[in-house]
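Asker: Coordinates for the following, if possible.
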Amino acid sequence: MQAVGKFLNITDLLRQNGILFVPLKGPLLSYRIYGDPTIRFSHDIDLLVEVGAIEDVMKILLENGYRLSDGVIWPKKKIQKEMVIDSSHHLSFSNKELNLCVEVHWVLMSGLPFPLKKQKAIVEQNLMGMDFAGRKFTVLTKEFELLYLMIHGAKHGWQRLKWLVDINEYPVNEVNDIAFGQLVRQFNAGRIVVQTNDLLKRFCGTQLPFVGNERLPGYFIRYAFQSIDGEIDEILSIRDHLRLYRYLWLMFPSLNYKYKTILDAFCRPSDIPVIDSSFKAAYYFYRPYSFIKRRILHA
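Answerer: Below is the predicted model of the structure:
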């Protein structure tokens, strides 16, 4: 109940300041799935805002006892801000007194097969209203939310089985199969649907009534099983990095996605303040240099 109260307080704060937002997961997802906002445990509050509202939200949070979480940066230079936006998907803020973390997203997640502008358009086409605790919220449609949960779980290798449980318990009888199928085709996410069903069959003994028609690369399912069974490492070895990128490479078949996957591998937000350049290429060249210096020469 305290977590739900914190969620309402932070969303009320943004609403009072005229900030439009879309809650992701959290108490509203718990309410949708279980009819109770307190059943599903959340570590933080995820909110999707317009990219142009990031600094306004930051100002509001900083004025109300929040600070950028450890390791999170928001540079002053325009080109560096653009690099953070291009290479990441959210800023994390912490309030030690409330023991609360708020993640402010400008895209649903990084690593999707769309540029920011197209992803924004897809989100805008798949929103609906929801009443909760005497307030009106704008949330993802159930079709889009279900696909989002599947992509989110797949992107993280399904390390936490609670993500699979959310999908297993999701009210799929309220999901329009035609609209869901259109979204799957729009995202070219057939592999993720097949993977999700394979995992549901193994761990829950169930399957979704939606069937992907794509042949699943063997490594794409093996990696997920190994990720679920293995330990969660805070620092990945070089071998683990290569395994992860091989897995991510297989998520979506489009060439644009694969190009973006390669590009993302060459830029890490925490590297950006180290570089003082007016050329974006410099930020991408620094990443392999930094990796070699830290992981190979230093070792």
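Asker: For Leu244, give me its contacts.
Answerer: Contacts for Leu244 (CB atoms under 8 Å, 6 or more residues apart in numbering) come out as 157, 236. C-betas here are computed from N, CA, C, even on glycine.
Asker: So it, which state does it fall into?
Answerer: When classified by DSSP: H, G, I helix; E, B strand; the rest coil, Leu244 comes out as helix.
Asker: What are the boundaries of the helices in the stretch 1-150 of the chain?
Answerer: Assigned by DSSP state H, counting those that start in this stretch, the helices in the stretch 1-150 of the chain fall at 2-16, 26-34, 54-62, 78-87, 116-124, 142-155.
Asker: Minimum distance to Tyr259: which of those helices has it?
Answerer: helix 78-87 (13.1 Å; CB to CB).
Asker: What is the subsequent helix or strand relative to whichever strand or helix holds Leu164?
Answerer: Using DSSP states H and E, the element containing Leu164 is helix 161-169. Later in the chain than helix 161-169, the nearest helix or strand by DSSP H and E is helix 177-187.
Asker: Name the residues that touch that next one?
Answerer: 112-113, 122, 126, 141, 143-144, 146-147, 151, 189-190, 193, 209-210, 212, 252.
Asker: Can you say which of those are buried?
Answerer: Neighbour counting over those (16 or more other CB atoms under 10 Å) leaves 112-113, 126, 141, 143-144, 146-147, 151, 189-190, 193, 210, 212, 252 as the buried ones.
Asker: Centre of the chain to the helix holding Leu164, how far?
Answerer: How far helix 161-169 lies from its chain's middle: 16 Å, per CA atoms, centre = their mean, to the nearest Å.
Asker: now that helix: mean pLDDT?
Answerer: Averaging the model's pLDDT scores along helix 161-169 yields 93.
Asker: Also stretch 207-226?
Answerer: Stretch 207-226 comes out at a mean pLDDT of 88.
Asker: again with stretch 77-88
Answerer: 84.
Asker: Over to stretch 107-115?
Answerer: 82.
Asker: let's have the chain start at 13 instead
Answerer: Yes, from this point I'll number from 13; that puts the last item at stretch 119-127.
Asker: Contacts for that stretch, please.
Answerer: 36, 60, 63, 99-101, 128, 131-132, 134-135, 160, 163-164, 167, 199-200, 260, 263-264, 266, 268-269, 272-273, 276.
Asker: One more pass at 6 Å, please.
Answerer: 101, 128, 131, 264, 266, 268-269 (CB atoms under 6 Å, 6 or more residues apart in numbering).
Asker: Show me what counts as buried in it.
Answerer: 119-121, 124-126.
Asker: can you check stretch 169-182 too?
Answerer: In stretch 169-182, counting by 16+ other CB under 10 Å, buried: 169-170, 175-176, 178-180, 182.
Asker: Taking those residues together, which two end up most distant?
Answerer: Gly169 and Tyr182 (20.0 Å).
Asker: Against Phe105, how distant is Leu60?
Answerer: Leu60 sits 15 Å away from Phe105, going by CB to CB, to the nearest Å.
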